[in-house]
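Student: Just need the structure, nothing else, for what follows:
(one chain, ligands or ions: 4)
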Amino acid sequence: MINSYFLKRFIDVTPANFDFHCHSTVSDGLLPPHAVAERAAANGVDLWSLTDHDDLGGQGAAREAAEALGMRFVSGVEISIEWKDRPIHIVGLGVEVVHPALCGGLDALRSGRLERARRMGEALAAIGIPGVFDGAMRYVTNPSLISRAHFGRYMVSIGIARDLPSLFLHYLTPGKPGYVDHRWATLEEAVGWISAAGGVAVVAHPGRYKMSGAGMRRFLDDFRDVGGQGIEVTCGSHSPDHVMHFARLARHYAFHASRGSDFHGPQESYVDLGRLPALPEDLKPVWRLVI
Ligand code: AMP
Ligand code: MN
Ligand code: MN
Ligand code: MN
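Tutor: Numbering: from 1, shown residues only. Ligands and ions are numbered 1, 2, ... in the order given. Predicted coordinates:
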């Protein structure tokens, strides 16, 4: 009896397909939260988190839609930080969505985005591409959340580049004319807000940061020292080599491992919701900390 009770509990709580990283129109995704939920469920996701950039505004609608579709939902956010002058993203999972420190910190990040977007517009005007701030604003779906993705979409629409990856490569990445430095949250602030709000901090898409091995270890040392607990191992922008590399680092730091598509929209993302390889089996999946 006892064994079958525990077996049933185990089966009940073990997700077959979790996706803990994606975006809706509350940040720079193309679908509203309920439509992201529908697509996740249609793709077989059974445990899901919506992680919009710097904004928790979609969490209520996402949870409601997820639960109506039979998925379990974990609250989430992707926080923009800078560490040693590098932009990095930290995902917060299982946070209390009305926590004052977290919400206050995210409010400040969003207003900084508007001022940064104006400076991006000026920088692009200075190289002969005027009107991009106003154009990008036409792609914004949450008036308080403007991102480089909106700039990219507008600039592709007027023929500056043929697609988003080449547009980013030539205009919107560090060293390129439309990129402006910006003061995001610190690592300590972001992990502090997430922890204060009862959540778990996870390094988003570590394979995208172009850090040396030693640089990544210094970053992960700092992340662990301020209370970080997880790292994305399987994600939309990771190659099989990245998965092996970050699995090794997850073991080394005893971090929990996360899995997330970083889905932004049907035509735009490398990977659709839930369509990712499983995590290496020996890793501790991060969902254990948040459900
Ligand atoms: P931001 O938070 O304003 O710095 O913008 C970052 C967002 O820009 C990411 O979350 C993606 O939505 C988008 N982005 C960044 N790099 C690329 C890229 N190489 N190709 C397409 N979209 C990108
Ligand atoms: Mn984005
Ligand atoms: Mn990101
Ligand atoms: Mn993301």
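Student: Flag every residue of the stretch 1-150 of the chain that's near ligand 1.
Tutor: Asp28, His53, Ser80, Ser147, Arg148, Ala149 (C-beta under 6 Å from any ligand atom). Backbone N, C-alpha and C define where each C-beta goes, glycine included.
Student: Weed out the non-buried ones from those residues.
Tutor: Asp28, His53, Ser80, Ser147, Arg148, Ala149 (16 or more other C-beta atoms under 10 Å).
Student: In helices only, show me the residues you listed.
Tutor: Arg148, Ala149 (DSSP state H).
Student: tell me which of the buried ones among the residues of the stretch 1-150 of the chain next to ligand 1 is nearest to ligand 4?
Tutor: Closest approach between these and ligand 4, by C-beta to the ion: His53, at 6.7 Å.
Student: Now do the contacts for the residue lying closest to the closest one once chain neighbours are set aside.
Tutor: Using C-beta to C-beta, 6 or more residues apart in numbering and skipping the chain neighbours, the partner closest in space to His53 is Ser27 (3.9 Å). By C-beta atoms under 8 Å, 6 or more residues apart in numbering, Ser27 lies in contact with Asp52, His53, Asp54, Asp55, Glu78, Asn142, Leu145, Ser147.
Student: same thing but 7 Å
Tutor: Asp52, His53, Asp55, Asn142, Leu145, Ser147 (C-beta atoms under 7 Å, 6 or more residues apart in numbering).
Student: pLDDT score for it?
Tutor: With respect to pLDDT, Ser27 scores 98.
Student: just Phe6 next, same as before
Tutor: In this model, Phe6 carries a pLDDT of 59.
Student: Make a markdown table from the buried ones among the residues of the stretch 1-150 of the chain next to ligand 1 and add distance to Arg251 to it.
Tutor: Listed next are these as a markdown table, based on distance: C-beta to C-beta, whole Å:
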| residue | distance to Arg251 |
| --- | --- |
| Asp28 | 33 |
| His53 | 29 |
| Ser80 | 28 |
| Ser147 | 33 |
| Arg148 | 33 |
| Ala149 | 33 |
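Student: Would you check which pair of the buried ones among the residues of the stretch 1-150 of the chain next to ligand 1 lies furthest apart?
Tutor: Ser80 and Ala149 (12.5 Å; C-beta to C-beta).
Student: And the residue nearest to His53, how far from ligand 2?
Tutor: Ser27 sits 6 Å away from ligand 2, going by C-beta to the ion, to the nearest Å.
Student: tell me, what residue is most central in the chain?
Tutor: The residue lying closest to the centre of the chain (C-alpha atoms, centre = their mean) is Glu78, at 4.2 Å.
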